[in-house]
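Enquirer: Okay, sequence plus prediction incoming.
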Amino acid sequence: MDAQLHLAVDAAAMFRRVGDGVNPSTVSVALLAELAGADAISYDIRVGDRNDTEKDGRLLRDSLTGRLEVVAAAGPDLMDVAFALRPDRLTLAPELRDGGASGGIDAHMLKDALRRQVLLLKDAGIMVGVRIEPEIEQCKALHRAEVDVAVLNCGAYLRAKSSQERTTEFARVGDAANLAAKLGLRVGVVGDIGLVNVEKLARIAQIDEFQVGHACIARGILRGIEQAVGDFSRAVERGRRRSV
């Protein structure tokens with residue numbers, strides 16, 4: 001399957017919250033992104049007021065013709081969220097820490113508890129992804145939990161300062177993607193992924209999807225959402241041609 005580009009429109013919702021509270025509409029941004037060729041729209045309900053985010057989620061579900069991914073933290077009301085929003089995929093991620101920072105779920109530690117939640121969601125007809133750090137044991141834990149998609153957090157790679165550190169972290173992402181693919185999982189990458197980094201990450205042939213958000217929305221302010229989505233899609237294609 002060709003590499004796919006997923007746009008996280010919660011970045012637009014954050015921009016709206018620091019303005020008039022009305023604009024831009026996440027639905028408008030999502031529809032423009034779909035027209036420009038985005039393969040899926042992602043929305044993180046962990047960010048902002050819960051009532052507002054669930055309202056956005058329902059509007060997106062009712063408006064989009066393509067696939068909707070909802071990112072949520074595991075919790076007692078997870079199934080309520082799943083049934084209310086009916087996303088094509090629900091991706092589990094950790095609770096947000098102070099400052100909004102978020103890494104990956106420790107799937108190895110959660111074990112059976114994670115598997116129970118995954119099976120409940122899959123029984124409801126919802127594909128399940130889990131956001132993890134790019135580590136071998138985490139990928140194995142997702143396989144045991146019968147998760148559909150391993151979403152690798154590339155934060156350490158994106159924050160790397162030195163060439164040696166970047167090389168090490170890039171290899172770590174590549175090794176995790178390779179193992180996850182061998183175990184039969186779909187592989188996505190997430191983080192504050194910019195245009196240059198998405199092209200380099202696309203060289204890892206086992207990565208199926210690239211989840212971009214803030215950098216693409218920010219570029220859209222300058223060039224328009226359709227052009228920004230196109231720029232990122234073409235960057236993925238350039239990286240794919242050099243895949244390893």
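Expert: Sure, I can see it. Residues are numbered from 1 along each chain as shown.

Enquirer: and residue 51, helix, strand or coil?
Expert: helix (DSSP: H, G, I helix; E, B strand; the rest coil).

Enquirer: Quick check: buried residues in the helix-or-strand element of the chain with minimal mean pLDDT?
Expert: Every helix and strand of the chain was ranked by mean pLDDT, DSSP states H and E. The lowest is helix 10-17, at a mean of 81. By 16 or more other C-beta atoms under 10 Å, the buried positions in helix 10-17 come out as 10-16. Just so you know, the C-beta spots here come from the backbone N, C-alpha and C atoms, and that holds for glycine as well.

Enquirer: go on, stretch 51-58?
Expert: Judged by neighbour count using 16+ other C-beta under 10 Å, the buried positions of stretch 51-58 are 53-54, 56-57.

Enquirer: show me what contacts the most centrally placed residue in the chain?
Expert: Most central in the chain under C-alpha atoms, centre = their mean is residue 211, positioned 4.5 Å from the mean C-alpha point. Residues in contact with residue 211 (C-beta atoms under 8 Å, 6 or more residues apart in numbering) are 6-8, 42, 151, 188-190, 193.

Enquirer: on that earlier part again, between the buried residues of helix 10-17, which is nearest residue 146?
Expert: The closest of the buried residues of helix 10-17 to residue 146 turns out to be residue 10 (C-beta to C-beta; 27.2 Å).

Enquirer: The closest one contacts residue 41, correct?
Expert: No. Applying C-beta atoms under 8 Å as the test, residue 10 and residue 41 come out as separate, 10.1 Å apart.

Enquirer: packing partners for the longest helix along the chain?
Expert: Counting by DSSP state H, the longest helix found in the chain is helix 163-182. The helices and strands touching helix 163-182, judged by 3 or more C-beta pairs under 8 Å, 6 or more residues apart in numbering; DSSP states H and E, are helix 136-144, strand 149-153, helix 155-159, strand 186-190.

Enquirer: Most tightly packed of these?
Expert: strand 149-153 (a mean of 26; mean count of other C-beta atoms under 10 Å).

Enquirer: Just give the strands next to that strand in its sheet, each with its orientation.
Expert: strand 127-132 (parallel), strand 186-190 (parallel) (DSSP bridges).

Enquirer: need these in CSV with mean pLDDT and distance to residue 169, can you?
Expert: Listed next are the strands paired with strand 149-153 as CSV, based on pLDDT from 0 to 100; distance: least, C-beta to C-beta, whole Å:
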stretch, mean pLDDT, distance to residue 169
strand 127-132, 97, 15
strand 186-190, 97, 12
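
Enquirer: need these in JSON lines with distance to residue 85, can you?
Expert: Output for the strands paired with strand 149-153, formatted as JSON lines (distance: least, C-beta to C-beta, whole Å):
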{"stretch": "strand 127-132", "distance to residue 85": "13"}
{"stretch": "strand 186-190", "distance to residue 85": "19"}
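
Enquirer: Great, nothing more from me.
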